[in-house]
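just coords:
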């Protein structure tokens, strides 16, 4: 029952994530052609700071609300839920307004440091951050009830309106200049957040229209302390990676130039890595996000009832690895013709760099997915301060490696990938060390080997086929994906049978 709920929740988020990623990719494609590689580099410089500010505003809200609400439900203390929600909303929106005002004051100085002609995009943060805080709070509320549908719908709504208004305003303002075109794109993002928030507010109002709860001052203080003990460590730990990414956005261009590159080439390389490659390569992470988001309230619920949920953890990890390995390297295998088709103006040398970034970045994506799973288990077990400790340590290592390696001419932009692998490895190892004293779960080595072998052969087959000249590039890509799916399914059938034993039993009974 619980595992089926996990699968349905993960499936809903996976489908919405795929839709959102496709819409995001279709948004980036015309936006890149509209603004150029340099313009998308400016867009990513601003986006890195926005992501950092958004995490500081509401990075821990969804996870902490999901964890606390599911625990309150498990202990039949549902009177706590309304207070948790109000506290989350008040805190995150308030922080968003404060940070937004800071960007209004210092935005022009930041833009000057980044060599951006206009700071207008930063002025929008005063609207975008409170809207993002409201979205995170409401999504966390529904996730605590293991209801992933409102989150999924709001994500799709947000992406649809971002696609429409982001491109519309980017096209209109890009006639003035590149920085103004980036402002237009962020104006569309602001509108999309407002529409998605409106949907969630209406849904929440219908669900809770008759719920009014009153607390004593002392009880409210206790609940506030419970909420803050989860929120702030999770917020700061979630902020580590965006802060490091923002740091990279601030220093990467000067460091690349210090290594011998011109300002334009350095900006183009960063735009290529963060905007073009990142948009495609981050696609598999929707799998880990879907699995961990749906798993967190389930595990928290079981832990609160005295059951560690060993079977759910193991099945969740098996599903994650089964899906993310072939998806990641499958995307890498088809990336060359995809780049040639989607970015016709990209030079052959840039396409070669993009493929190398994709290939080496694939390992970074796998490590990131495992790290997200490990951090989710620590969250479910209430290890909030330990999460903060290990993520800060990993973030320091990542920032230091990015800064030092980016100026090495033979490494340059690849420093971002190497530093990310180092950070995720540190967090995973330290997280697993802590978990072995808290929760018991395992994954047999032969099953992992089966997945690696299947992924390797699938990659070789797809890469070879799409590089051929049998058909047109589009047909080669479609057939290559189909061939890859068949090969992977055949090679990993034993893994699937072990993952779903009850279906194996049904098949054997029918056969008899």
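It's in. Being a predicted model, the structure only gives us computed values, none of them experimental.

in this structure, what spans have low per-residue confidence?
Across the chain, the stretches falling below the confidence threshold (pLDDT under 70) are 1-10, 208-220, 230-231, 301-309, 500-512.

Select the longest helix from it.
Longest helix in the chain by number of residues (criterion: DSSP state H): helix 2-58.

how distant is that helix from the center of its chain?
In this view, helix 2-58 has its centroid 7 Å away from the chain centroid, taken as C-alpha atoms, centre = their mean, to the nearest Å.

Ramachandran angles for the closest residue to residue 392 other than its chain neighbours?
In this structure, residue 392 finds its nearest non-sequential neighbour in residue 240, 5.8 Å apart by C-beta to C-beta, 6 or more residues apart in numbering. C-beta: built from backbone N, CA, C; applies to glycine. Backbone dihedrals for residue 240, given as degrees, to the nearest 10, come out at phi -60, psi -50.

and residue 240, how many neighbours does it have?
25 (other C-beta atoms under 10 Å).

Just confirm it contacts residue 397, I think it does.
No. Assessed by C-beta atoms under 8 Å, residue 240 is found out of contact with residue 397, at 10.9 Å.

returning to that earlier point: the residue nearest to residue 392 and residue 31: what is the separation?
In this structure, residue 240 and residue 31 are separated by 28 Å, where distance is defined by C-beta to C-beta, to the nearest Å.

Okay, helices next: where are they in the stretch 51-200 of the chain?
Listed in chain order, the helices of the stretch 51-200 of the chain (DSSP state H, counting those that start in this stretch) span residues 61-74, 79-113, 120-123, 125-144, 149-161, 167-173, 178-207.

For residue 329, which of these is the nearest?
Shortest distance between residue 329 and these, using C-beta to C-beta, is found for helix 149-161: 25.4 Å.

who does that closest one touch, helix- and strand-wise?
Packing contacts for helix 149-161, counted by 3 or more C-beta pairs under 8 Å, 6 or more residues apart in numbering; DSSP states H and E, involve helix 2-58, helix 125-144, helix 178-207.

hmm, 10 Å instead?
Applying 3 or more C-beta pairs under 10 Å, 6 or more residues apart in numbering; DSSP states H and E, we find helix 149-161 packed against helix 2-58, helix 125-144, helix 178-207, helix 285-304.

could you redo the ones you listed as CSV and give each row mean neighbour count and distance to residue 468?
As requested, the helices and strands packed on helix 149-161 are exported to CSV (neighbours: other C-beta atoms under 10 Å; distance: least, C-beta to C-beta, whole Å):
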stretch, mean neighbour count, distance to residue 468
helix 2-58, 21, 24
helix 125-144, 25, 44
helix 178-207, 20, 37
helix 285-304, 24, 29
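
Could you export those as CSV, including distance to residue 250?
What follows is the helices and strands packed on helix 149-161, written out as CSV (distance: least, C-beta to C-beta, whole Å):
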stretch, distance to residue 250
helix 2-58, 8
helix 125-144, 16
helix 178-207, 16
helix 285-304, 24
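
do you know which of these lies nearest residue 409?
Checking the helices and strands packed on helix 149-161 against residue 409 by C-beta to C-beta gives helix 2-58 as the closest, at 19.7 Å.

and the angle for that closest one with helix 285-304?
Here helix 2-58 runs at 110 degrees with respect to helix 285-304, directions being taken by axes from the mean of the first three to the mean of the last three C-alpha atoms, to 10 degrees.

do you know which of the helices of the stretch 51-200 of the chain lies nearest residue 234?
helix 61-74 (5.2 Å).

how distant is that closest one from the center of its chain?
Taking C-alpha atoms, centre = their mean, one finds helix 61-74 lying 20 Å from the centre of the chain it belongs to.

Which other helices and strands does that helix contact?
Contact analysis of helix 61-74 by 3+ C-beta pairs under 10 Å, 6+ apart lists helix 79-113, helix 125-144, helix 217-258, helix 285-304, helix 348-380, helix 384-405 as its packing neighbours.

Nearest to residue 473, out of the ones you listed?
Closest of those to residue 473 is helix 348-380, at 12.8 Å (criterion: C-beta to C-beta).

what angle separates that closest one from helix 285-304?
10 degrees.

Identify each buried residue in helix 348-380, please.
By neighbour count, with 16 or more other C-beta atoms under 10 Å as the criterion, the buried positions of helix 348-380 are 350-351, 353-355, 357-359, 361-380.

Just the angle for that helix relative to helix 384-405, thanks.
Going by the same axes, to 10 degrees, helix 348-380 is angled at 160 degrees with respect to helix 384-405.

Relative to residue 292, how far out is the nearest residue to residue 153 once chain neighbours are set aside?
The shortest distance from residue 153 to any residue that is not its chain neighbour, by C-beta to C-beta, 6+ apart, is 6.8 Å, and that residue is residue 199. According to C-beta to C-beta, residue 199 stands 24 Å off from residue 292.

Ok, residue 379 next?
9 Å.

show me the contacts for residue 203.
Taking C-beta atoms under 10 Å, 6 or more residues apart in numbering as the definition of contact, the neighbours of residue 203 are 138, 142, 147, 149-150, 153-154.

Select only the buried ones of the residues you listed in PyMOL?
With 16+ other C-beta under 10 Å as the burial test, the buried ones among the contacts of residue 203 are selected in PyMOL as follows:
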select buried, resi 138+142+147+150+153+154
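
Switch the contacts of residue 203 over to a markdown table; also include distance to residue 409.
Conversion of the contacts of residue 203 to a markdown table gives the following (distance: C-beta to C-beta, whole Å):
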| residue | distance to residue 409 |
| --- | --- |
| 138 | 48 |
| 142 | 50 |
| 147 | 52 |
| 149 | 50 |
| 150 | 50 |
| 153 | 48 |
| 154 | 45 |
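
Please consider this matter closed, and thank you.
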